[in-house]
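*Asks:* Sequence below, structure please.
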Amino acid sequence: MSRKSRRKAGAIAAAAMLGLAAGCGGDGGAAAASGVPTPHASKKITVTSPAFADSGTIPRRYTCDGENVSPSLEFSGVPDDAAELVVLVEDPDAPRGTFVHWVVWGIDPHETGLGTGAVPSGAEQGRNGFGKSGYGGPCPPKGKPHRYVFSVFAADAKPTLSKDASADDVRRALAGHTAAYGTLVGLYGR
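*Replies:* Okay, here's the model as predicted:
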């Protein structure tokens, strides 16, 4: 490897480490435990939002810098035999592992979306990375924008979860019970 190539590789490694030093949630909060695989399914749910396009910028309103309310989501392609829907919102760019912003389950499978700041009747919200129940919007440190993945799962059976369930608890409950799955990615930086 040439001297120039080694310098370039070193610069790339340094930039990667610097990027890892930036976290979501200011001081980091509680990062999600890693190692639990995300359930996958052969059927696809289409997830969209009138607030932002896939891979587009999440408006400030839906972040800790704004009203900190969940954005409106729309979904289609939910199988007729789905027992319920589950929504997870996560930041895979957080330095200490994926940071969880929202955990919601028990959503009626006939719903075609969620309104701004809304949790449907009968749905439960689990523990996010901030250690609270409910939605905690994007709140990255200054620097490169982070990706926020809004995942919608259609479960073929109602998962048994405690009221303070984590995203990993939800993933474990969905293992082998995911009929369809879809994501929407939003970006936010400061």
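
*Asks:* C-alpha from now on. contacts and neighbour counts both.
*Replies:* Will do.

*Asks:* Who are the contact partners of residue 145?
*Replies:* 187-190 (Cα atoms under 8 Å, 6 or more residues apart in numbering).

*Asks:* roughly how far apart are it and residue 180?
*Replies:* Computed as Cα to Cα, to the nearest Å, the residue 145 to residue 180 distance reads 29 Å.

*Asks:* in the chain, which ranges drop under the pLDDT threshold?
*Replies:* 1-41 (pLDDT under 70).

*Asks:* Please repeat the previous calculation with a cut-off of 80.
*Replies:* Applying pLDDT under 80 to the chain picks out residues 1-42.

*Asks:* all strands in it, in order from the N-terminus.
*Replies:* 43-44, 46-48, 56-57, 73-76, 84-91, 99-107, 113-114, 124-125, 146-155, 178-188 (DSSP state E).

*Asks:* thinking again about what came up before, will you turn the contacts of residue 145 into TSV that also has distance to residue 132 and neighbour count?
*Replies:* Listed next are the contacts of residue 145 as TSV, based on distance: Cα to Cα, whole Å; neighbours: other Cα atoms under 10 Å:
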residue	distance to residue 132	neighbour count
187	22	20
188	21	21
189	22	17
190	23	12
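
*Asks:* Would you convert those residues into TSV that also reports distance to residue 104?
*Replies:* Output for the contacts of residue 145, formatted as TSV (distance: Cα to Cα, whole Å):
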residue	distance to residue 104
187	21
188	21
189	24
190	27
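
*Asks:* now, which of the residues you listed sits nearest residue 75?
*Replies:* Proximity of the contacts of residue 145 to residue 75 was ranked by Cα to Cα; the top entry is residue 187 with 19.2 Å.

*Asks:* Show me what the closest one is bridged to.
*Replies:* Taking DSSP bridges as the rule, residue 187 bridges to residue 57, residue 147.
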